[in-house]
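In: Sequence below, structure please.
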Amino acid sequence: MSVVLGVFAAAFLAATILPFSSEVVVSAAILSGSSALAVWLAASVGNTLGAVANGILGAALTTKAARRWLGVGESQYERATRWYGKWGVWSLLLAWMPVVGDALTVVAGALHVRWWFFVTLVFIGKSGRYALLIFVLERVSPQGGG
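Out: Numbers count the residues shown, from 1 in each chain. Predicted structure coming up:
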């Protein structure tokens with residue numbers, strides 16, 4: 001149980017604007033024999049909730065003062081907004097990507113994307129990434145499938 005909570009915490013932190021990576025923790029959990037389903041679910045939910053935290057932060061970034069206080073440069077914010085404007089809400093499927101994904105979720109929050117749509121798209125992208133990672137790990141692990 002503590003492994004799954006650790007995976008959840010690592011995945012949550014990795015999805016926020018904090019510099020953190022969950023792949024190592026997920027990999028260690030899988031390679032140590034933890035339940036693939038439990039690890040996948042903990043990582044997917046934790047990472048999605050971390051993205052929701054970014055979205056909430058983004059909702060606060062609608063003012064220049066908030067961007068200054070949070071250390072988000074005007075050019076960073078405008079670049080992310082342009083990219084989001086070009087690719088739209090569907091770009092949230094790429095919220096799993098390093099750096100870009102955090103910016104997408106922050107901008108989606110700032111643009112007040114409907115939460116049910118936000119969570120659905122982010123979960124699909126993030127859970128798919130973890131499913132692929134776990135699939136590969138189980139194939140290369142001595143105790144895995146191959």
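In: Would you mind listing the buried residues in stretch 58-66?
Out: Going by neighbour count (16 or more other CB atoms under 10 Å), the buried part of stretch 58-66 is 58, 59, 61. (Glycine included, C-beta is placed from N, CA and C.)
In: Tell me which of those fall in strands.
Out: The members of the buried residues of stretch 58-66 all map outside strands under DSSP state E.
In: what's the closest of these to residue 41?
Out: The closest of these to residue 41 turns out to be residue 58 (CB to CB; 25.6 Å).
In: Residue 12: neighbour count?
Out: Residue 12 has 23 neighbouring residues, counting by other CB atoms under 10 Å.
In: residues contacting it?
Out: 46, 47, 49, 50, 53 (CB atoms under 8 Å, 6 or more residues apart in numbering).
In: Next, find the distance separating residue 25 from residue 43.
Out: To residue 43, residue 25 is 8 Å away according to CB to CB, to the nearest Å.
In: Identify the contacts common to these two.
Out: Common contacts of residue 25 and residue 43 (CB under 8 Å, 6+ apart): 7, 10, 11.
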